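>>> no sequence for this one, just the structure:
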Ligand SMILES: [Zn+2]
């Protein structure tokens, strides 16, 4: 049974006590004994995990960054060092007597195999989701049964914040992919006892198919990527569909502004819905979890409600790394305290939160768990890697160079990222312009480009235009500009 209800009513002191205890226990019973990576970090920095007793002691541990997961020629599978790897000797050496005694009892009562099974369920990776676009190769984060249970828990906590009842129908239009957002919704919905359909989004069923499913199922709750939901609702409205059954729209995998919420509500309400709640969520692969806002009026955000029994968040100065005070802006840093399989601590998310974190009770739902402001943007040092979210997927723009250079029949290319109909609330569109190398048949060019981009970025271009060399030269301003216009991001900056 998930202790979410009592947890949301604990006072500040009790929550702090809980976090201190869990942190100390996790570091000494799981992380330091079983994580090859963090064992090295602790030993090299002469940190005794026994002396990390409270959240205030955390800054003694160095940060982990996205770069630490990126494979190098010397180490092609760096992500593996973050996976907890227990064995009999390590368990005997590090687990407290009471925990060893419990294992011994299981062995006596149910046999050695029962002990093995218990440990397998706790530690053996059985599932994974991937980060997108931060490296040439996506980084996998693995889950054991224990972690899957946490995925159910975070999902059901969000649905309980949204006050979703078992009698409600849920439509999940997140794109089907080995990414956190899709699976977080699947597991959350399973845990909630509500009836859910996961369509896989536009790529799997097409917008027509998603609208047809919505009209048939009449869900009161629809979840997905903001720009895609906006697109589906607008198309449905234009077709004359009545959307009176929609009560809650849950958005993920992108930043959501009050302006967007208002515009989306206007579209859905014009199609017959009334008093629609639009709720934002925040999550990332490395945490294998997501957090949510609770219902408020559309112009207010409650902030994301955290799970103090599962993780610790810090807000730090992105330049000095110094921990900020409550309510101050800074970069979000995540520490797992309930993880098995892949586990990270003091992980710099690269996300900048304006308004920081608060431990004051939520004025909307009364919950006492800490909350982070929903005004979260990507930090500029991440932009140096030229990361951009296109269609909700993080893409490293500098990879287009390598990608096109591998298509031998392409001579010149240009990538244009824009908003459909130049409407800033609409879906992203990726359009490619290219011309063929002399002697190469232009007829196959479009197909080659489409396949290559989909494979490398998991994004399907909306259009590929094969032009003449002269037209490409003009488009790229090869002869007129100081630097050619290789990648045009025409999306409005907010
Ligand atoms: Zn709340």
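It's in. Treat the numbers as computed from the prediction; the structure is a model and nothing was measured.

>>> contacting residues for the residue lying closest to residue 422 once chain neighbours are set aside?
In space, not counting the residues next to it along the chain, residue 422 is nearest to residue 490; the distance is 7.9 Å by CB to CB, 6 or more residues apart in numbering. Where you see a C-beta, it was placed from the backbone N, CA and C, and this is true even at glycine. Under the criterion of CB atoms under 8 Å, 6 or more residues apart in numbering, the neighbours of residue 490 are 416-419, 422.

>>> and the residues you listed, which are buried?
By the neighbour-count criterion of 16 or more other CB atoms under 10 Å, the contacts of residue 490 include these buried positions: 416-419.

>>> In the stretch 51-200 of the chain, which residue sits closest to the ion?
Ranked by CB to the ion, the top residue of the stretch 51-200 of the chain for proximity to the ion is residue 161, at 6.7 Å.

>>> Could you verify my assumption that that residue touches residue 362?
No: the criterion here is CB atoms under 8 Å, and residue 161 misses it with residue 362 at 9.5 Å.

>>> which bits of the stretch 151-300 of the chain sit near the ion?
Applying the criterion CB under 5 Å from the ion, the portion of the stretch 151-300 of the chain that neighbours the ion consists of residue 294.

>>> Which single residue in the stretch 151-300 of the chain comes nearest to the ion?
Here the stretch 151-300 of the chain gets closest to the ion at one residue, residue 294, 3.2 Å apart by CB to the ion.

>>> So that residue is in contact with residue 301, correct?
No: taking contacts as CB under 8 Å, residue 294 lies outside contact range of residue 301: 9.6 Å.

>>> anything in contact with each of these two?
Residues touching both residue 294 and residue 301 by CB under 8 Å, 6+ apart: none at all.

>>> Give the bridge partners for the closest residue to residue 222 other than its chain neighbours, please.
Using CB to CB, 6+ apart and skipping residues adjacent in sequence, the residue nearest residue 222 is residue 171, 4.8 Å away. Beta-bridge partners recorded for residue 171 (DSSP bridges): residue 197, residue 222.

>>> wait, what's in contact with residue 171?
When contacts are counted by CB under 8 Å, 6+ apart, residue 171 touches 196-197, 199, 210, 213-214, 217, 219, 221-223.

>>> let's go with 6 Å and repeat that
Remark: with contacts taken as CB atoms under 6 Å, 6 or more residues apart in numbering, residue 171 is in contact with 197, 214, 219, 222.

>>> Show me which pair in those residues is furthest apart.
Every pair in those was compared (CB to CB); the two farthest apart turn out to be 197 and 222, at 10.3 Å.

>>> rewinding a little: from the contacts of residue 490, which ones fall inside strands?
Secondary structure assignment by DSSP state E places 416-419 of the contacts of residue 490 in strands.

>>> The residues you listed: which two are farthest apart?
When the ones in strands among the contacts of residue 490 are compared pair by pair using CB to CB, the maximum separation belongs to 416 and 419, at 11.1 Å.

>>> Quick one: classify residue 107 as helix, strand or coil.
Secondary structure assignment for residue 107 (DSSP: H, G, I helix; E, B strand; the rest coil): helix.

>>> Test my guess that it contacts residue 115.
Yes: between residue 107 and residue 115 a contact is recorded at 4.9 Å, counting by CB atoms under 6 Å.

>>> tell me, what residue is most central in the protein?
Residue closest to the mean C-alpha point of the chain, counted by CA atoms, centre = their mean, is residue 284 at 2.9 Å.

>>> okay, and the helix or strand of the chain with the least pLDDT?
helix 380-383 (a mean of 44; mean pLDDT, DSSP states H and E).

>>> May I see the buried residues of stretch 155-169?
Across stretch 155-169, burial judged by 16+ other CB under 10 Å covers 155-162, 164, 168-169.

>>> low-confidence ranges in the chain?
Along the chain, segments meeting pLDDT under 70 span 133-136, 379-387, 398, 478-484, 493-494.

>>> Domains of it: list them as residue ranges, please.
Domain assignment for the chain, taken from automatic domain parsing, gives 1-83+125-378, 397-489.

>>> how far away is the closest residue to residue 94 other than its chain neighbours from the ion?
The shortest distance from residue 94 to any residue other than its chain neighbours is 3.7 Å, reached at residue 33 (CB to CB, 6+ apart). As defined by CB to the ion, to the nearest Å, residue 33 lies at a distance of 37 Å from the ion.

>>> And the strands in the stretch 351-494 of the chain?
With DSSP state E, counting those that start in this stretch applied, the stretch 351-494 of the chain shows strands at 357-358, 371-372, 375-378, 387-390, 393-396, 410-419, 428-436, 463-466, 487-489, listed in chain order.

>>> hang on, the earlier thing: give me every residue that touches the residue nearest to the centre of the chain.
For residue 284, counting by CB under 6 Å, 6+ apart, there are no contacting residues.

>>> Going by neighbour count, which residues in stretch 168-179 are buried?
Residues of stretch 168-179 classed as buried under the neighbour-count rule (16+ other CB under 10 Å) are 168-177, 179.

>>> Among the residues you listed, which ones are in strands?
Filtering the buried residues of stretch 168-179 for membership in strands, criterion DSSP E, returns 169-172.

>>> Find the nearest non-adjacent residue to residue 437, please.
Taking CB to CB, 6+ apart, and ignoring the residues beside it in sequence, residue 437 has residue 411 as its nearest neighbour in space, at 4.4 Å.

>>> is it true that that neighbour touches residue 438?
No: checked against CB under 6 Å, the pair residue 411 and residue 438 is beyond contact range at 7.4 Å.

>>> Specify which residue of these two has the higher count of neighbours.
Using other CB atoms under 10 Å as the criterion, residue 411 and residue 438 rank with residue 411 on top: 16 against 8.

>>> now the helices: where do they sit in the stretch 301-450 of the chain?
380-383, 399-405, 445-457 (DSSP state H, counting those that start in this stretch).

>>> how about these, which one is nearest the ion?
Using CB to the ion, the nearest of those to the ion is helix 380-383, at 28.9 Å.

>>> and residue 259, what is it in contact with?
Residue 259 makes no contacts at all, as judged by CB under 6 Å, 6+ apart.

>>> got it, and residue 356?
Residues in contact with residue 356, defined by CB under 6 Å, 6+ apart, are 315, 327-329.

>>> how about the nearest residue to the residue in the stretch 1-150 of the chain that the ion sits nearest to, chain neighbours excluded?
Using CB to the ion, the single residue of the stretch 1-150 of the chain nearest to the ion is residue 8, 8.5 Å away. Residue nearest to residue 8 in three dimensions, not counting chain neighbours: residue 367, with 4.0 Å by CB to CB, 6+ apart.

>>> mind checking how far the one you found is from residue 22?
Here residue 367 is placed at a distance of 19 Å from residue 22 (CB to CB, to the nearest Å).

>>> Which one of the two is surrounded by more residues?
Under the neighbour definition other CB under 10 Å, residue 367 and residue 22 were set side by side, and residue 367 has more, 20 against 17.

>>> Against the ion, how distant is the more buried one?
As judged by CB to the ion, residue 367 and the ion stand 5 Å apart.

>>> ok, that residue touching residue 6?
No: with contact defined as CB under 6 Å, residue 367 and residue 6 do not form a contacting pair (11.3 Å).

>>> quick one: contacts for the closest residue to residue 359 other than its chain neighbours?
Here the nearest residue to residue 359 in space, its sequence neighbours aside, is residue 370; by CB to CB, 6+ apart that works out to 4.9 Å. Applying CB under 6 Å, 6+ apart, one finds that residue 370 lies in contact with 306, 357, 359.

>>> All good on my end, thank you.
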